[in-house]
Structure formats: structure tokens, C-alpha cells
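Trainee: Below: sequence and its predicted model.
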Amino acid sequence: MSQSKSSLHSLGVFCGLAAGAWLGAAEAPTKLVTTGISPFVISLGMVAGVFVARWTVPMLLKGTGYVFEDLREKPHLVIWAILAGMLWAVANTLTVFAIRDVGISIAFPLWNTNSLVGLFWGCLLFNELRGATARVWGMVLGGAAAIMAGAYLLAYATTEHSSVAPQSATLGIIAALGAGLLWGTMYVPYRKAYISGMNPLSFVTVFTFGELGTTLTLASVFHGGWSGMVAEVGRAEPALFWLFLGGFAWVLGDLFQQFAAKYIGISRGIPLSNTNQLWGLAWGALVFGELAGLSGTGRMLVIGGSLVMIAGAAAIAFAEAPEGEQASWKKAMHRECDRYGLDPIMVEATLRGEDPLSRQAPSRRAWEYLVVAGAIGIFVWLGMLARRQAIAMDLGWMAFLSVATLTSLVLCGWLLWRRTRFS
């Protein structure tokens, strides 16, 4: 395999690992559900933070002219991005219910079965693993089996060895698995966009309209209309800063995840980003003390199940695509180009980490920096309204995990800029 392809695979791996760190940290504010805040309001607060971040981060890195030019060239992908956002919104709401009923430590690995769903769609629709060697197939299928085994261990630990009521545990497990199914299907629009040459920064800008609209609808229906939803949001005002912050962290994790999906495919990139279960376990156990109520056997099952799932995801992610599989990926790319009239030379360049669109996109505008300043102002305003919440936390572990997460942002962000200029 050429050095260029190997470097892109390594970049995809680093992106997947950074995604795991930020997606894990993003779920920490959902612990606010234990204080009585509605799961729908929590999801809405996070999505509002996501909406702000999805506009400001691409604007800051590439500019609105670049984003609009990318969308203008590939208008057929707009509906796919909106659909992906709708799937995400429903899945994210389900995760809040799962965390309420079984906790972060348990819920994370269960909804990370999305990697199995993504593996299925990647093989079926985008020629991933076609042309791969027996060794690569073995690593991927063995990893998938390990993920399923780990999920079973965690489900068993929840229902048999914890103080959670059996009915609540069952509902929490169903919610987490349902989120995994929806998130796994959400990756179909991801991959469709990237083999068409769209920049992840452009994709997420449209994505956010689907998630915000769906979350607003869910919250409004559940709370008996718009006025009821606004009243619930008002009651949660002291906690909105933390929810916005969680949404912002999720955007950074999702961007890294999408770059991983672009460069190494959903069958590898998604399982690797699912190392967020390790971060979720760390936040749940070390910061929030979620394993305190488990028996010794239950703790061993939770930790063992998580490690098994992580090993399975690693086996899938590090199965680098050989030349035969790369050729199959190229066929899928040409299929999209023929279907939608795209320039295959330009699309192939973007898949090599180049950025031909930057040469024809309009220059930045001064008002874009005002929008970024406005977004910062929103966070400052919400921070002034924030109040300490009634959740027991270990501040030392929280600081350690926060520093580790920020380190992954700096390292992987620098690697992306050096190799692709965020293409």
C-alpha cells in the first residue's frame, strides 16, 4: 500500500480515537437527568449547543463561502444530511433515557453496537471489505463477535448484579440498543457524502437542521405543546450552560468521527470512535461513582465487558484496507459520480486528503468573525446563569479527564491540518 494511503489510514485511526474521547465527554452532562430535568429538555439543550457549534466551527475553519460552494456542487446530499440529523436527534433522546435507567457506564457500550449496524451498511452499500483478504475479514468479523459478547456481559451485569429495578433496567437496555440501531443507520448518509467528495464541515452544517427540528418537535409533543416546552426549558435554565457545553463537545467528537469515516470507512472508523465507551466508563465510574452500587461480580462484568468490546472495536479498526478493497471503494465512488454527475477526478482528490475546492471558494467575510463572537457570547451569558447542580462528582478525576480530552483535540487537530487542511 502506498505511503499516502497508509498515512491517511493512520490519520483516520487518530481521528477515531479523538472522536471517542470527545463523544465520551459529551455525554457527561446528560447525568443531569438524575436531578429531575426532562430527558427531552436535556436533549434539546444539547442540540441547541450543537446547532451553535455546527455553524461556528466550520465557519472558523473554512468560511461560509467554502461551505456554500461545497453544498452548491452537491445539492443531492442536503436531504441526506437532514435525514442523518433526524436520526441522530431520536437516538440522542433515547440515550438520555438509557442513562437515567442504567447509567453512563452501562449505556455507553450497549448503544455502541451501532458499529455492527454500520459494518452491515458499509459492506452492503459501499463495497467496504469487498476484495479484502481473509485476515482482514477475520479481524473485522472477530471484532464484531467481540462487541456482541461484550454487550451481553454488560446487559447481564445490569439486570443481575445491580440495584436498578429490573423493569427500569430493561427499558434502559432497550433505549440504548435502539439508539445504537439509529446511529448505525445514520452513518449511511455520512459515507454517501464522503465518497461523493463533500467536506465533513459542510455536511454537519446542514445536518444540524435535521437534528434541531426533530428535537424541538419531540420536546414540544412530550410537554404538551410549545408553551409547556418553554416552561420546562425555563426551569432548567441554571443547567443550560452544561448542556450547551455537552453539545459543543459532541460536535468536536462527531467531526473527528466523520473524518475517520471519510478516510477509513464506516466499518472501521465507527468501531474505533466507539472507544468512547472507555471514556464513558471512566466518566461514569471515576467522576460520578456509578459502580459504587454494584457487587464485586457486577463490577468485574462491567469492566470485562467493556474491555472485550474495546478489543473487538480495535480489531475492526486496525484492519487496514488492502489494495483489492481500495479498488472496490473506488467503484462505489464512481457509481456516485455517475449517478449525480460529479467530477470523478475532483472527488478522488478529496478522498486522498487534498482540497481542490479551496481554490474556487470565495474568500472569508468580516461578518463571519462577528458570528463566532456571538456564539462565544452565548456561552458567556449561559455561564453567568449557571448554577452548581446537585450531582456528586470527583473534581480531581474530572480535571484529569478534561485535560486528556483537550490534549486529543490539539494533537488530532494539528494532524488533520498538516495532512489535509481539514479537507
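Mentor: Done, it's in. Residues are numbered from 1 along each chain as shown.
Trainee: which residues does the residue lying closest to Ala390 once chain neighbours are set aside contact?
Mentor: Once flanking residues are discounted, Ala390 sits nearest to Thr35: 5.6 Å by Cβ to Cβ, 6 or more residues apart in numbering. (C-beta placed from N, C-alpha, C; glycine too.) By Cβ atoms under 8 Å, 6 or more residues apart in numbering, the contact set of Thr35 is Ala239, Gln389, Ala390, Ile391.
Trainee: can you check Glu128 too?
Mentor: Listed by Cβ under 8 Å, 6+ apart, the contact partners of Glu128 are Leu119, Gly122, Gly265, Ile266, Ser267, Arg268, Ala321, Glu325, Ser328, Trp329.
Trainee: burial count for the third one?
Mentor: The burial count assigned to Gly265 is 28, neighbours taken as other Cβ atoms under 10 Å.
Trainee: so it sits right up against Trp329, yeah?
Mentor: Yes: with contact defined as Cβ atoms under 8 Å, Gly265 reaches Trp329; the gap is 7.2 Å.
Trainee: overlap in contacts of those two?
Mentor: Common contacts of Gly265 and Trp329, defined by Cβ under 8 Å, 6+ apart, comprise Phe126, Glu128, Ala321.
Trainee: how far is stretch 141-157 from where the chain is centred?
Mentor: Relative to its parent chain, stretch 141-157 has a centroid offset of 20 Å by Cα atoms, centre = their mean, to the nearest Å.
Trainee: Any buried residues in that stretch, and which?
Mentor: Leu141, Gly143, Ala144, Ala146, Ile147, Ala149, Gly150, Ala151, Leu153, Leu154, Ala155, Ala157 (16 or more other Cβ atoms under 10 Å).
Trainee: So for the residues you listed, which is the shakiest by pLDDT?
Mentor: Checking pLDDT across these, the minimum falls on Ala155 at 69.
Trainee: Tell me which stretches of the stretch 51-200 of the chain form helices.
Mentor: In the stretch 51-200 of the chain, the helices defined using DSSP state H, counting those that start in this stretch lie at 64-73, 77-102, 104-111, 114-126, 134-160, 166-194, 200-222.
Trainee: Who are the packing partners of the longest one?
Mentor: So that's helix 166-194. When contacts are defined as 3 or more Cβ pairs under 8 Å, 6 or more residues apart in numbering; DSSP states H and E, helix 166-194 packs onto helix 77-102, helix 104-111, helix 114-126, helix 134-160, helix 200-222, helix 240-264, helix 266-273.
Trainee: Would you mind listing the buried residues in the fifth one?
Mentor: Across helix 200-222, burial judged by 16+ other Cβ under 10 Å covers 200-212, 214-216, 218-220, 222.
Trainee: For Leu351, give me its contacts.
Mentor: Contacts for Leu351 (Cβ under 8 Å, 6+ apart) come out as Tyr194, Ile195, Gly197, Lys262, Tyr263, Met333.
Trainee: cool, and Ala146?
Mentor: By Cβ under 8 Å, 6+ apart, Ala146 lies in contact with Val308, Met309, Ala311, Gly312, Ala315.
Trainee: Columns pLDDT on top of the residues you listed, output as TSV?
Mentor: Shown next, in TSV, are the contacts of Ala146 (pLDDT from 0 to 100):
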residue	pLDDT
Val308	87
Met309	80
Ala311	87
Gly312	84
Ala315	86
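Trainee: Closest to Asn92 out of those?
Mentor: Checking these against Asn92 with Cβ to Cβ, the nearest one is Met309 at 20.4 Å.
Trainee: For that closest one, which non-adjacent residue is closest in space?
Mentor: In space, and not counting its chain neighbours, Met309 is closest to Gly150: 3.2 Å by Cβ to Cβ, 6+ apart.
Trainee: Below-threshold pLDDT in the stretch 151-300 of the chain: ranges please.
Mentor: Within the stretch 151-300 of the chain, the set of residues satisfying pLDDT under 70 comprises 155, 158-168.
Trainee: any idea how far the residue most central in space within the chain is from Thr405?
Mentor: Centrality entry for the chain: nearest residue to the mean C-alpha point is Asp254, 3.9 Å, by Cα atoms, centre = their mean. Using Cβ to Cβ, to the nearest Å, Asp254 is found at 14 Å from Thr405.
Trainee: Equivalent analysis for Ala18, please.
Mentor: Per Cβ to Cβ, Ala18 is found 9 Å from Thr405.
Trainee: quick one: which of the two has more around it?
Mentor: Higher neighbour count among Ala18 and Thr405: Ala18, with 30 against 21, using other Cβ under 10 Å.
Trainee: I figured the more buried one hits Leu411, correct?
Mentor: Yes: Ala18 is within contact range of Leu411, at 7.4 Å (criterion: Cβ under 8 Å).
Trainee: anything in contact with each of the two?
Mentor: Counting by Cβ under 8 Å, 6+ apart, nothing touches both Ala18 and Leu411.
Trainee: show me the contacts for Leu272.
Mentor: Applying Cβ under 8 Å, 6+ apart to Leu272 gives the contacts Gly12, Val13, Gly16, Leu17, Ala19, Gly20, Ala260, Ile264, Ala313, Ala314, Ile316, Ala317.
Trainee: nearest spatial neighbour of the last one, skipping sequence neighbours?
Mentor: Closest residue in space to Ala317, ignoring its immediate chain neighbours: Leu272 at 3.5 Å, by Cβ to Cβ, 6+ apart.
Trainee: And Glu237, by the same measure?
Mentor: Closest residue to Glu237 apart from its sequence neighbours, by Cβ to Cβ, 6+ apart: Leu385 at 5.8 Å.
Trainee: burial measure for that neighbour, as a count.
Mentor: Residues lying near Leu385 (other Cβ under 10 Å) number 11.
Trainee: same check, this time on Thr407
Mentor: Thr407 has 12 nearby residues by other Cβ under 10 Å.
Trainee: On the three-state scheme, it is what?
Mentor: Following DSSP: H, G, I helix; E, B strand; the rest coil, the label given to Thr407 is helix.
Trainee: Can you check the pLDDT for it?
Mentor: 96.
Trainee: returning to what we had before: list the contacts for the residue nearest to Met309?
Mentor: Counting by Cβ under 8 Å, 6+ apart, Gly150 has contacts Pro109, Gly305, Ser306, Leu307, Val308, Met309, Ile310, Gly312.
Trainee: Distance of it relative to Thr113?
Mentor: Gly150 is 9 Å from Thr113, where distance means Cβ to Cβ.
Trainee: Repeat that for Gly224.
Mentor: 33 Å.
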